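Colleague: Could you look at this predicted model? Sequence included:
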Amino acid sequence: MISGARPLAGTVVVAGAKNAVTKQMVATLLSDEPSVLENVPRTSEVAATLGMLASLGTQYDWLSRNTLLLHTPQLSASGIGLEHQRLNRIGLLALAPLVHRAGEAWVPVPGGCAIGGRQIDFHLAVLGQMGARVGIGGDGFWARGRLHGTRVVLPYPSVGATENALLAAVLAPGCTEIAGAAVEPEIRDTIALLNRMGARIEVLRQRRIVVEGVGRLRGARHRVMADRSEAASLAMAAVATDGRVNLLGAEPRSLGPFLRVFRALGGGWRVGRRGMVFFRDDVLRPVSVATGPYPHFSTDWLPPLVTLLTQARGVSQVHETVFEDRLAYAVRLGAAGARLSVSDRCLVGGCCRFAGGGHFHSCTIEPSRLHGARLVAPDLRGGFAMILAGLMAEGTTEVGCVERVERGYAELSEKLLELGAHLWVRLGRSRMTA
Ligand code: EPU
C-alpha cells in the first residue's frame with residue numbers, strides 16, 4: 001500500500017547485482033575449493049539458488065549479512081530436483097558444471113518472469129556443439145559426456161546462453177570462441193570471478209569471447225558488482241517524484257546507456273566518491289527508446305521508464321526488442337490513469353525480430369495524471385513500474401503480488417521508507433488475482 005505524491009529524498013546503498021550473483025554462485029560449482037562472494041543481496045532469488053546448490057552438495061555459510069561462503073568439496077547429486085522447477089532460470093547454468101564434475105547432468109524446466117517464450121534452444125545447442133549429448137525428458141533437460149573447446153555462434157546475444165557457454169568452456173580442453181556473445185556488465189563481472197578462479201577468458205571486440213580451457217579451477221574471493229537495474233529504477237523514482245536520491249555504490253560505467261536516455265528526458269546526476277546522486281534537472285521531456293542487448297538500453301529498465309514518461313510534456317514512444325511479451329504492466333497501468341496504448345508494430349529504431357509476429361511490444365505514452373488504484377505486479381520489473389506509479393500518484397495505491405518484485409530488489413520496502421515514501425504492507429491474501 002502506497003500513499004503517493006511525495007518526493008523521495010535521502011541515501012541508500014545499491015545491492016549486489018541480481019543478474020550476476022546467482023550465476024556466480026553456480027560458477028563456484030566448477031571448483032572443489034571454497035569461494036567467497038561479497039555484496040550478495042538477500043533476495044528470495046538468492047535463497048532459491050542456495051537451496052538448489054545445497055541439494056547438489058554445496059555447503060554455505062553467511063560470513064556477514066552480505067558475504068557468502070560457498071564450498072562444494074564433492075557433489076552429492078548430478079541433477080537438480082523437481083522441487084526447484086520453474087523457480088528461476090539459474091538451474092540451467094548448472095548443466096555444464098555438473099557435466100564437468102559428474103559426467104552427466106539433469107535440470108528441471110526453468111522459470112523466471114513470464115515476459116516471453118524464453119526458449120533454451122541456444123543453451124542446448126552450445127553444449128551439443130561442445131561435445132555433450134543433450135536431450136529433453138522428465139520435465140527437464142539432461143546433458144552427458146565430455147565437453148571440448150570449439151567455435152560456437154549464438155544467433156542472438158543471449159545472456160543466459162553466453163553464461164552457459166562460458167561455464168562449459170572454462171574447463172573444456174582446447175580453445176572455445178563464443179561469437180555473437182552477450183557482453184552485459186554482469187557477464188563481465190562473472191568473467192572477472194572466473195578468471196580469479198584461474199580461468200583464461202578474454203573479451204574481444206565485436207561480441208567475441210575467447211576461452212582457453214584449463215585443467216582445474218581454484219576458489220576465489222569476489223565482490224559482486226552493484227545492481228545497475230536497481231540503480232536505474234531508484235534514479236527514475238527520484239526524478240518521477242521530483243526528489244533527490246543518493247545511491248551509494250552506483251557505478252556510472254555500467255549505467256552509460258541509461259544515463260544517455262536519463263539526460264535526454266531531463267534527469268540529472270552527480271558522480272561522487274562513493275556513488276551517484278540523481279535528481280530532476282529540467283522539465284521532463286518525451287523520449288523515443290528501443291531496448292536491446294548491451295550496450296543498448298536494457299529491457300529491464302523499460303517498465304519504470306514507461307511509468308516515468310507519463311509525466312513528460314509530450315508523447316513518448318518505446319519499443320521492446322528483447323522479450324516479446326513484456327508490456328503486460330503497461331496495459332495494467334491504465335487503471336492508475338496512465339494514457340498508454342500498446343502496438344504490435346516496431347515503433348522506434350527499425351524492425352526487430354518480433355516484427356509481424358502479432359506481439360504487442362511497442363507502446364505510446366501520453367502525458368497523464370496518475371491516481372491511486374489497485375494494481376497487481378505481473379512480474380519483477382513490471383511490478384516495480386507499478387510501485388513507481390503508486391509513489392507518483394495522488395491517493396493510495398495497492399500493489400498485489402509484490403513478492404514478484406522482492407525476488408529481485410533487495411529490501412525494497414525498507415529502502416523506499418528510508419527515502420521518505422509512505423508505504424505499508426497489508427498482510428494476508430490480496431483480493432485481487434494476478
Ligand atoms: N533466447 C532464445 N533462445 C535461447 C535463449 C534466449 O531464443 O536459448 C531469446 C529469448 O527468448 C529472448 C532473448 O533471446 O527473446 C534474450 O534472452 P536472454 O537469454 O538474453 O535472457 P535471459 O538470460 O533469460 C537475462 C536476465 C533478464 C534480462 C535478460 C536480458 C537473468 C536471470 N535474467 O535473462 O533479467 O532481462 O537477460 O538482459 O539474468 C530481470 O532482471 O527482470 C530479467 C528478466
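Modeller: That came through fine. Residues are numbered from 1 along each chain as shown.

Colleague: What residues does the protein have near the ligand?
Modeller: Applying CB under 6 Å from any ligand atom, we find that the chain lies next to the ligand at 18-19, 89, 113, 116-123, 156, 158-161, 182, 184, 298-300, 322-323, 380-381, 408. Backbone N, C-alpha and C define where each C-beta goes, glycine included.

Colleague: Out of the residues you listed, which sit inside strands?
Modeller: In strands, judged by DSSP state E, none of the residues of the chain next to the ligand are found.

Colleague: Show me these that map onto helices.
Modeller: Among the residues of the chain next to the ligand, the ones falling in helices (DSSP state H) are 18-19, 121-123, 159-161, 380-381.

Colleague: what residues are up against the nearest residue to E33 once chain neighbours are set aside?
Modeller: Leaving out its chain neighbours, the residue that sits closest to E33 by CB to CB, 6 or more residues apart in numbering is G219, at 3.4 Å. Residues near G219 by CB atoms under 8 Å, 6 or more residues apart in numbering: 28, 31, 33-36, 71, 197.

Colleague: what about G219, distance to P34?
Modeller: Distance of G219 to P34, given as CB to CB, to the nearest Å: 5 Å.

Colleague: Which neighbours do the two have in common?
Modeller: H71.

Colleague: Which of the three states applies to the residue nearest to E33?
Modeller: coil (DSSP: H, G, I helix; E, B strand; the rest coil).

Colleague: tell me what the helix or strand where L247 lies is packed against?
Modeller: Using DSSP states H and E, L247 maps to strand 244-248. Applying 3 or more CB pairs under 8 Å, 6 or more residues apart in numbering; DSSP states H and E, one finds that strand 244-248 contacts strand 9-13, helix 228-240, strand 275-280.

Colleague: what angle sits between the last one and helix 228-240?
Modeller: Spelled out, it's strand 275-280. 40 degrees (axes from the mean of the first three to the mean of the last three CA atoms, to 10 degrees).

Colleague: ranking the contacts of G219 by neighbours, who comes first?
Modeller: T28 (28 neighbours; other CB atoms under 10 Å).

Colleague: Phi, psi for that residue please.
Modeller: T28 has phi and psi values of phi -70, psi -20 when expressed as degrees, to the nearest 10.

Colleague: before we move on, what about the one 3 residues further on?
Modeller: The phi/psi pair for S31 (degrees, to the nearest 10) reads phi -130, psi 150.

Colleague: From T321, how far out is it?
Modeller: Separation of S31 from T321 (CB to CB): 37 Å.

Colleague: mind listing what the spatially closest residue to E230 that is not a sequence neighbour touches?
Modeller: Ranked by CB to CB, 6+ apart and with sequence neighbours excluded, the top spatial neighbour of E230 is V14, at 5.4 Å. Shown in contact with V14 (CB under 8 Å, 6+ apart): 226-227, 230-231, 234, 247-250, 275.

Colleague: same thing with D300?
Modeller: Contacts of D300 by CB under 8 Å, 6+ apart are 19, 229, 232, 381.

Colleague: picking that back up, would you mind listing which of the ones in helices among the residues of the chain next to the ligand are buried?
Modeller: The neighbour-count test (16 or more other CB atoms under 10 Å) marks 18-19, 122-123, 159-161, 380-381 as buried among these.

Colleague: would you list the contacts of D300 in CSV and tack on pLDDT?
Modeller: Converted to CSV, the contacts of D300 look like this (pLDDT from 0 to 100):
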residue, pLDDT
N19, 95
S229, 98
A232, 98
R381, 96
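
Colleague: Which pair of those residues spans the longest distance?
Modeller: Greatest spatial distance in those: N19 and A232, 12.7 Å, computed using CB to CB.

Colleague: For the strand holding L247, list the C-alpha coordinates in PDB.
Modeller: Output of strand 244-248 as PDB, limited to C-alpha atoms (Å, rounded to 0.1, in the frame of the first residue of the first chain):
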ATOM      1  CA  ARG A 244      16.900  13.700  -4.900                       C
ATOM      2  CA  VAL A 245      18.400  10.300  -4.200                       C
ATOM      3  CA  ASN A 246      22.000   9.400  -3.300                       C
ATOM      4  CA  LEU A 247      22.800   5.900  -4.400                       C
ATOM      5  CA  LEU A 248      25.900   4.500  -2.700                       C
END
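
Colleague: Specify the local secondary structure of D325.
Modeller: Counting by three-state DSSP, the backbone at D325 sits in coil.

Colleague: Backbone dihedrals for it, both of them.
Modeller: Main-chain dihedrals, D325, degrees, to the nearest 10: phi -130, psi 50.

Colleague: Wait, it touches I115, no?
Modeller: Yes. At 5.8 Å, D325 counts as touching I115 under the criterion of CB atoms under 8 Å.

Colleague: With neighbour numbers in mind, choose between these two.
Modeller: Shown here are D325 and I115; by other CB under 10 Å, I115 has more neighbours (23 against 18).

Colleague: partners of the nearest residue to L124 once chain neighbours are set aside in the sheet?
Modeller: Take L124 and drop its neighbours on the chain: the residue closest to it by CB to CB, 6+ apart is V134, 4.7 Å away. Per DSSP bridges, the residues bridged to V134 are A143.

Colleague: In contact with V134: list those residues for me.
Modeller: Taking CB under 8 Å, 6+ apart, we find V134 in contact with 124, 127-128, 141-144.

Colleague: out of these, which is most surrounded?
Modeller: Within these, most neighbours by other CB under 10 Å means L127, with 27 neighbours.

Colleague: Look at the residue nearest to E230 and report its pLDDT.
Modeller: Looking at V14, its pLDDT reads 98.

Colleague: One more: M225?
Modeller: M225 is given a pLDDT of 98.

Colleague: Can you report how many residues neighbour the nearest residue to it once chain neighbours are set aside?
Modeller: Counting by CB to CB, 6+ apart, M225 lies nearest to D189, which is 4.3 Å off, once chain neighbours are set aside. If you count neighbours by other CB under 10 Å, D189 ends up with 23.

Colleague: so D189 sits right up against R223, yeah?
Modeller: No. The criterion here is CB under 8 Å, and D189 misses it with R223 at 9.1 Å.

Colleague: Just the buried residues from the contacts of V14, in PyMOL please.
Modeller: The buried residues among the contacts of V14 can be selected in PyMOL (16+ other CB under 10 Å) with this line:
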select buried, resi 226+227+230+231+234+247+249+250+275
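
Colleague: which of the contacts of V14 lies closest to A102?
Modeller: Among those, D227 lies closest to A102 (CB to CB), at 32.3 Å.
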